[in-house]
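Asker: no sequence for this one, just the structure:
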Ligand SMILES: [Zn+2]
């Protein structure tokens, strides 16, 4: 299965993958949208703000799905390494689970494009939104 990166940075220990810019976590000002930016209800606020950002890229996402025939039983792996990052480790230590942008990407693809998204083992206990 071909893979693409949806990570801001790729680890040196993994083969370099093409980056899919439309699922990165930066806003138009270059600010990173991260769970730690939100205090009151971090999961809901984080998912809402990042999803809003993905809405702005809706046409690009649709074109990418169509070009790669991802509506038609073609698989692709969307890769990020957040589960290995210190932010996720802190969330797991504090809350027993974590969330990263792949959960928002998953929800966005399923809700807006009816695309099936399958989690890998490292995301099996990640928060669903
Ligand atoms: Zn991630």
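Answerer: Looks like it came in fine. These numbers come from a predicted model, not from an experiment. Numbers count the residues shown, from 1 in each chain.

Asker: name the single longest helix found in the protein.
Answerer: When the chain is parsed with DSSP state H, its longest helix is helix 42-56.

Asker: give me the contact list for whatever helix or strand comes next after that helix.
Answerer: Where DSSP states H and E defines the elements, the next helix or strand beyond helix 42-56 is helix 58-67. Contact with helix 58-67 is made by 20, 22, 23, 54, 70, 71, 108, 109, 112, 113, 115, as judged by Cβ atoms under 8 Å, 6 or more residues apart in numbering. For every residue, glycine as well, the C-beta is placed using N, CA and C.

Asker: which residue packs closest to residue 45, ignoring adjacent ones?
Answerer: Nearest residue to residue 45, sequence neighbours excluded (Cβ to Cβ, 6 or more residues apart in numbering): residue 38, at 3.8 Å.

Asker: pull the number of nearby residues for the one you found.
Answerer: 16 (other Cβ atoms under 10 Å).
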